[in-house]
Structures are given as C-alpha cells and as structure tokens.
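> predicted model, plus sequence, below.
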Amino acid sequence: MDRCHYDQLVEQIRSQRLDNNVFFGPINSLIQKDFLQLENIRFFITLGLDTCQLSQLWDNGSLRNDDSVVINFDPKFNPSEIDTTSRFFYENVENLRKIIANVANDCNNTNQQEMKKLVKNDIESLGTLYSGNWGVQMRYLLDIAIIFKIASQYGKILIVSKNGNDNVLVSFLIAIQMIQNPQLSALEAFKFIKVQRPSVHELTPEFVSLCNSLSGNSLSGPIPDKQSRKLEQMDYLSSKRSRISD
C-alpha cells in the first residue's frame, strides 16, 4: 500500500472540523475517546444510525456524561424492538431539557435573541429521537444543532453518519452553514465541506432544494449530480414521525 492511499484511508476514519464548535465524520468517531475528550465533545447528532447500538454505547459509558446529549435520526426505528424506558432515553431527554433551559434562561440577551431568530420550532417540542422522512425531520434536528451551538460553553458538537460521506449528512452540514450565513449558497457551503472531507458524495438536486427551502434561500444553483439518486429513493421512505420526549 502506497503512502498516499494509506493517508486517504486514515482520513476516512477521522472527523473533520466544520467550524470552531462543530466536527463531522463517520460512525467510528463515536468511540475515539481521546478525540472526544481532547475536543470536549458533549453534543452528538447521529444520522441514520441504529438506536439499539447507540443505546449500548450510552449504557457502556462511551458517550454518557452529565452534560452529554445524543440526538439520533433513525429512519427505521421501531419502538417495539427496544426498551424506551432505558437510561439512554430518559437521560438524554433530561439532559436535552437542561441544555434548552440553560440557553433559554441565559442572562446573555444575544444568545436568547439568536435562538428566537434561528430556531423555528417550539423548543418544548424538540426531542432526542427522530424517524421517518429526512425532509420532514431535518428542521427539528437543525433547531437542536443551533441550540447546541449557542450552548458552546458546555461543549462541542459531533455530527456523524455511517460513513461520513452521504447526502443526509452533507445536506445537514450545508443547511447549518446557510442558516447561520444567509448570503452563503449551497454550492459554496458544499465546496467548503468538500475541502475538509474530499470523499463526501456529490449532492443530488433533491437535497440541494431541501437545503435551500430550509435556509430560505431559493437562489442557490444546483450542485452537479453524479449519482442520479432521488431523495425519496433513499432508505428514508416513511413519513411518520416518531419522537421520544418527556
């Protein structure tokens, strides 16, 4: 194996930095304890991962901390296949509520104004587990990501998917950037992500449209589509929303 190929493989298992408070990457980032501790990662947004596996990681202490929160988008989640009264569920809900309350009651008026401006849903409706259609659930997860960014004094954010390269993850990262910087186009946001992680997949037009609609930017041009996949052809077909909250 040549050195260049080896370096590419190493990069695939690492997380990349989106900004000062946000990292993104593949699923194995969740078990890189030195990295999580060094960067003070406290908030986890996992996209397309199996809830049972995350519950085990939490129970084993790999992710659990007094202030840690795991938000999962599991498109195939079936509540009959897992004990929703386990520590993973009630501790995450409790920690999320604490973070939201801390931000809402923060004496810093700038933080409160930013939350009111950028968060679109009722904060009391936000939960820790989402399932079904990505286009339906994405706005809820974006609101939570915004709150986590405002609460940066408690820790940083890690956003992961199975391989760290898929359109669900990339569209989420693009939307975060566009919401915080309305002048940024989807193409510009994508190019930045591509520089950080060259292996990310080209974004299909359906995902570009989704990012634009959520950010309120309808002027961004499409990103070249190399895979000709449609949003509804992915594994996220069910439109039923399932959210665990208190």
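Everything's here; your move.
> all contacts plus neighbour counts: C-alpha atoms, from now on.
Noted.
> this structure: helices as residue ranges?
3-12, 33-38, 51-59, 87-104, 109-118, 134-150, 167-180, 186-196, 205-215 (DSSP state H).
> which of those has the lowest mean pLDDT?
Mean pLDDT is lowest for helix 3-12 among the helices of the chain, at a mean of 50.
> put together a markdown table for the helices of the chain, with distance to Val70 and mean neighbour count on each row.
As requested, those are exported to a markdown table (distance: least, C-alpha to C-alpha, whole Å; neighbours: other C-alpha atoms under 10 Å):
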| stretch | distance to Val70 | mean neighbour count |
| --- | --- | --- |
| helix 3-12 | 22 | 11 |
| helix 33-38 | 13 | 12 |
| helix 51-59 | 8 | 17 |
| helix 87-104 | 6 | 18 |
| helix 109-118 | 20 | 14 |
| helix 134-150 | 11 | 21 |
| helix 167-180 | 16 | 22 |
| helix 186-196 | 23 | 18 |
| helix 205-215 | 23 | 21 |
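> figure out which of those helices is closest to Ile159.
helix 167-180 (7.8 Å; C-alpha to C-alpha).
> other residues contacting that closest one?
With contacts defined as C-alpha atoms under 8 Å, 6 or more residues apart in numbering, helix 167-180 is touched by 18, 47, 118, 134, 138, 142, 145-146, 159-161, 184-186, 189-190, 193, 200-204, 207-208, 210-212, 214-215.
> go with 7 Å
47, 142, 161, 184-186, 189-190, 201, 203, 207, 211, 214-215 (C-alpha atoms under 7 Å, 6 or more residues apart in numbering).
> need those residues in CSV with distance to Phe172, can you?
Shown next, in CSV, are the contacts of helix 167-180 (distance: C-alpha to C-alpha, whole Å):
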residue, distance to Phe172
Leu47, 9
Leu142, 7
Ser161, 11
Leu184, 14
Ser185, 14
Ala186, 11
Ala189, 11
Phe190, 11
His201, 13
Leu203, 11
Phe207, 9
Cys211, 8
Leu214, 10
Ser215, 11
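> so which of those residues comes closest to Pro75?
Leu47 (8.8 Å).
> and for the closest one, the neighbour number?
The number of residues packed near Leu47 is 26, by other C-alpha atoms under 10 Å.
> how near is Leu158 to Asn78?
Leu158 sits 25 Å away from Asn78, going by C-alpha to C-alpha, to the nearest Å.
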